[in-house]
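Visitor: Okay, here's the prediction I keep looking at, along with the sequence it came from:
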Amino acid sequence: MFIATLIATDGSLAPEISDTARLALADAGCGPVVGRWIDEGYALDLAFTRDPATARAVLEPLADVVVQPEAGRAKKLLVADMDSTMITIECIDELADYAGIKAEIAEVTERAMRGELDFEAALDARVALLKDLEATAIDRCHAERVKLMGGATTLIRTMKAHGARSVLVSGGFTVFADRVAAEIGFDRALSNTLEIADGKLTGTVARPIVGAQTKRETLIAEAEALGIDLGATLAVGDGANDIPMIQAAGLGIAYHAKPKTAAAAAARIDRGDLTALLYAQGYARKDWVA
C-alpha cells in the first residue's frame with residue numbers, strides 16, 4: 001500500500017480536493033483509493049495500491065505532494081541541510097555583503113547550488129575573496145541576517161518528541177551552523193570551519209571539506225549507529241550537494257530546491273514550509289511540539 005499526502009501548510013486545500021485527487025488517481029490506474037484528512041485544509045492522505053510514480057505525476061499540479069510506502073512513514077533519523085533549508089539565507093552571501101562583494105559571491109553560490117560548479121572549488125574561491133574581513137562580521141551577520149525557515153523548530157522538536165534523531169550537515173560554516181543547530185534543537189551539527197587569525201578571516205577553509213559525499217556518508221553512518229535501515233531515514237535540502245543524501249534516504253525531499261535537486265528527489269516541497277515534512281510522516285497538528 002502507498003500513501004500520497006497532499007499538503008498546504010497555509011491551510012488552503014479546498015474540501016473538494018479529496019474528490020478531485022481520488023478521481024485523478026483512479027483515472028490513472030492507481031486505484032482503489034481511500035482518502036483521509038490528517039488536518040482538514042492542510043493535509044490529505046490518499047491510500048492506493050499501484051504505480052506511485054504515476055500517482056506523483058498526476059497529483060503534483062494540485063499541491064505539494066509526497067508519495068511513499070505506507071509502512072514506516074514516520075522516520076527515526078532526519079539529516080538536513082542548513083542554508084536555504086533550515087534558515088532562509090545563504091550565509092556566505094550575507095557575510096560577503098559585509099565585505100561589499102555580495103553580488104560577486106552570490107552568483108558563484110547560485111551556480112554551485114545548481115550543480116554547475118564543483119562545490120569544493122567554488123567554496124575555496126568564494127572564501128578566498130573574504131580574506132581580511134574582520135571576524136566581528138560573523139556575529140553581526142548571525143544577529144542581523146540569520147532567520148529560521150518557517151516550521152524548522154516545530155519539525156525538529158516534534159520528531160525528537162517522537163523518538164527521532166536529527167543531524168544538521170552543512171556545506172556552510174560552523175560559526176553559523178552550531179548556533180542554528182542549538183537554537184532549533186538538532187542532536188548534532190557538522191559543517192566547515194572558517195580559518196581566522198589575528199581577528200580576521202584568512203581566506204581559507206579547514207580540511208576536510210564537508211560536501212556532498214560527507215552528507216551522504218553522515219546519513220549512512222548515523223543510521224548504522226542507530227541500528228536502523230535507510231528506509232527509516234529522512235533527508236532534506238535544496239542544492240546539488242544535497243542530492244547524494246537525498247537519494248540515499250528512505251524519504252528524500254527537495255525543499256524549495258534548485259531544478260537539478262528537485263528532479264533527483266523522490267519528493268519535493270515547492271509551496272509550503274518545513275511542517276510539510278511532519279504531514280508527510282503522518283503527524284497531525286495535535287501531535288506537534290511548537
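Guide: Received it, and whenever you're ready, just let me know what you need.
Visitor: ok, M159 - contacts?
Guide: K75, L78, S166, L278, Q281 (Cβ atoms under 8 Å, 6 or more residues apart in numbering). In short, each C-beta sits where N, CA and C put it, glycine included.
Visitor: Show the contacting residues for the spatially closest residue to A290 that is not a sequence neighbour.
Guide: Nearest non-adjacent residue to A290, counting by Cβ to Cβ, 6 or more residues apart in numbering: T154, 5.7 Å away. By Cβ under 8 Å, 6+ apart, the residues touching T154 are L274, T275, L278, W288, V289, A290.
Visitor: With pLDDT as extra columns, can I get the contacts of M159 in a markdown table?
Guide: Listed next are the contacts of M159 as a markdown table, based on pLDDT from 0 to 100:
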| residue | pLDDT |
| --- | --- |
| K75 | 98 |
| L78 | 98 |
| S166 | 98 |
| L278 | 98 |
| Q281 | 98 |
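Visitor: Give me the subset of those lying in helices.
Guide: L278 (DSSP state H).
Visitor: Distance to M1 for the contacts of M159 - can I get that in JSON lines?
Guide: Formatted as JSON lines, the contacts of M159 follow (distance: Cβ to Cβ, whole Å):
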{"residue": "K75", "distance to M1": "18"}
{"residue": "L78", "distance to M1": "24"}
{"residue": "S166", "distance to M1": "27"}
{"residue": "L278", "distance to M1": "21"}
{"residue": "Q281", "distance to M1": "16"}
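Visitor: where along the stretch 101-250 of the chain do the helices fall?
Guide: 102-113, 119-128, 136-145, 152-161, 174-184, 212-226, 243-248 (DSSP state H, counting those that start in this stretch).
Visitor: Among those, single out whichever gets nearest to T85.
Guide: Among these, helix 152-161 comes nearest to T85, with 8.4 Å by Cβ to Cβ.
Visitor: Mind exporting the C-alpha coordinates of the closest one to CSV?
Guide: This file holds the C-alpha atoms of helix 152-161, laid out as CSV (Å, rounded to 0.1, in the frame of the first residue of the first chain):
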residue,chain,number,x,y,z
ALA,A,152,12.1,24.4,11.3
THR,A,153,11.8,24.3,15.1
THR,A,154,8.5,22.6,15.0
LEU,A,155,9.8,19.9,12.7
ILE,A,156,12.9,19.1,14.7
ARG,A,157,11.2,19.3,18.2
THR,A,158,8.3,17.2,17.1
MET,A,159,10.4,14.5,15.6
LYS,A,160,12.6,14.4,18.8
ALA,A,161,9.4,14.1,20.9
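Visitor: how far is it from where the chain is centred?
Guide: Relative to its parent chain, helix 152-161 has a centroid offset of 13 Å by Cα atoms, centre = their mean, to the nearest Å.
Visitor: If we only consider the contacts of M159, which is nearest to I246?
Guide: Nearest member of these to I246, counting by Cβ to Cβ, is L78, at 12.1 Å.
Visitor: wait, isn't the closest one in contact with G163?
Guide: No: assessed by Cβ atoms under 8 Å, L78 is found out of contact with G163, at 11.8 Å.
Visitor: Looking at these two, which has the bigger crowd around it?
Guide: Taking other Cβ atoms under 10 Å, L78 and G163 do not tie; L78 has more neighbours (26 against 8).
Visitor: quick one, what contacts the more buried one?
Guide: Neighbouring residues of L78 by Cβ under 8 Å, 6+ apart: L155, I156, M159, A164, R165, S166, V167, T233, L234, A235, V236, L277.
Visitor: any idea how far R73 lies from L190?
Guide: 26 Å (Cβ to Cβ, to the nearest Å).
Visitor: what about L123, how many neighbours?
Guide: By the measure other Cβ under 10 Å, the count of residues near L123 is 24.
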